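>>> Predicted model, plus sequence, below.
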Amino acid sequence: MRALIVDDSRPIRRIEGEILTELGFETYDACHGKQALEKLQNEPRPDVILVDWNMPEMDGLEFIKAVRRDARFSGMVILMVTTETEPEQMLRALSAGADEYLMKPFVKDGLIDKLKLVGVV
Amino acid sequence: METTYDSHIEQIVQSIFTSMLGMEVFRAGDNPAACQETVLGTIHIGGPKSMSVVLGLTSEVARVTAANMLQMNLADVTSDDIRDVAAELTNMIGGNLKSLLPGPLFLSLPTVVAGRDLGLEIPGAELVEDVGLVCDAGPFRVRLFMQTTG
């Protein structure tokens, strides 16, 4: 199983990476949506993408829309992990194509529960 | 009656420190200005009533929070680690505070400065909350500035 972590925060990339590695995932990461799209085109397909919302270059919402528009990436599971905690924002992310939504701060079990919910654990 | 945010800020910071750092946080005494900040994280909440959130950390709190979030030995923490963790803590405080405010609002990316004798001025904004907090590593504070001019 492979996971792509997209977040401009190095601490968050590291925390999520450690949790996913413990679960048996091979992980790779990107600092923003634009870099993540490049990696999707050039590296093996991930089973799940964890993506932040607020990032430079291309934010998480635009990244999700771009992934969902591209037939090459169909069926990829996307979990948005963000400080955008308002219900309206959650709906925007889900409408754009996120499969699930996790609010920061989160605990390890919270992330694992969401990964179970989307069927990758 | 004016809305106050101090208890919300306290709860948000407690939640972040507990879940992401494994650290307890309590409300400090009445003199947050006594905290010698060497790291300042700032994030702006833009909208009809723009605000800025400033997280001020002492060097010790900054180092310990970085070590805890990154699960590193204290001796191995670098200045980059400190800035990255302060930025993420500021981001989480700002994002969670934004959800309590009337919208629509947008959140900027966080910025962090580090050094001694840091002066803080946000033009066109007044200080509306100055919340002193304390964790195992020492005191720190969160300030909220509200825009007064366009």
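That came through fine.

>>> Touching, A:Asp99 and A:Val77? I think so.
Yes - with contact defined as C-beta atoms under 8 Å, A:Asp99 reaches A:Val77; the gap is 5.2 Å. (Glycine included, C-beta is placed from N, CA and C.)

>>> hey, what's in contact with both of the two?
By C-beta atoms under 8 Å, 6 or more residues apart in numbering or on different chains, A:Asp99 and A:Val77 have these common neighbours: A:Val118.

>>> Could you pull up phi and psi at residue 45?
Using chain A here. phi -60, psi 130 (degrees, to the nearest 10).

>>> That one: what's it in contact with?
Contacts of A:Arg45 by C-beta under 8 Å, 6+ apart are A:Arg2, A:Phe73, A:Met76.

>>> can you confirm A:Asp29 is in a strand?
Yes - assignment of A:Asp29 by DSSP: H, G, I helix; E, B strand; the rest coil places it within a strand.

>>> how many neighbours does it have?
19 (other C-beta atoms under 10 Å in any protein chain shown).

>>> What subset of the contacts of A:Arg45 is buried?
For these, a neighbour count by 16 or more other C-beta atoms under 10 Å in any protein chain shown gives the buried set as A:Phe73, A:Met76.

>>> State the mean pLDDT of the helix ranked longest in chain A.
As assigned by DSSP state H, the longest helix anywhere in chain A is helix A:10-22. The average pLDDT for helix A:10-22 rounds to 97.

>>> Other residues contacting it?
Against helix A:10-22 from outside (C-beta under 8 Å, 6+ apart): A:3, A:5, A:7, A:27, A:29, A:50, A:52, A:81, A:104, A:108, A:111-112, B:20, B:69-71, B:84-85, B:88.

>>> Out of the residues you listed, which sit inside strands?
A:Ala3, A:Ile5, A:Thr27, A:Asp29, A:Leu50, A:Val81 (DSSP state E).

>>> how about JSON lines for these, with pLDDT and distance to B:Glu24 added?
Output for these, formatted as JSON lines (pLDDT from 0 to 100; distance: C-beta to C-beta, whole Å):
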{"residue": "A:Ala3", "pLDDT": "98", "distance to B:Glu24": "31"}
{"residue": "A:Ile5", "pLDDT": "98", "distance to B:Glu24": "28"}
{"residue": "A:Thr27", "pLDDT": "98", "distance to B:Glu24": "30"}
{"residue": "A:Asp29", "pLDDT": "98", "distance to B:Glu24": "30"}
{"residue": "A:Leu50", "pLDDT": "98", "distance to B:Glu24": "28"}
{"residue": "A:Val81", "pLDDT": "97", "distance to B:Glu24": "24"}
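
>>> Identify the farthest-apart pair in the residues you listed.
The largest separation in those, counting by C-beta to C-beta, is between A:Thr27 and A:Val81 at 13.6 Å.

>>> which of those two has more neighbours?
Comparing A:Thr27 with A:Val81 by other C-beta under 10 Å, the one with more neighbours is A:Val81, at 25 against 20.

>>> For the more buried one, list each beta-bridge partner.
A:Leu102 (DSSP bridges).

>>> from what I can see it touches A:Leu111, true?
Yes - A:Val81 sits in contact with A:Leu111 when judged by C-beta under 8 Å, with a separation of 7.5 Å.

>>> what touches both of the two?
Contacts common to A:Val81 and A:Leu111, judged by C-beta under 8 Å, 6+ apart, are A:Glu16, A:Leu102.

>>> what's the spacing between the residue in chain B that chain A sits nearest to and A:Ile112?
Closest residue of chain B to chain A, C-beta to the nearest C-beta: B:Gly95 (2.4 Å). The gap separating B:Gly95 from A:Ile112 is 22 Å, by C-beta to C-beta, to the nearest Å.

>>> just A:Thr83 next, same as before
20 Å.

>>> Please say which of those two ends up with more neighbours.
When A:Thr83 and A:Ile112 are compared for neighbours, A:Thr83 comes out ahead with 26 against 16, by other C-beta under 10 Å.

>>> Before I go, just wanted to say thanks for your time.
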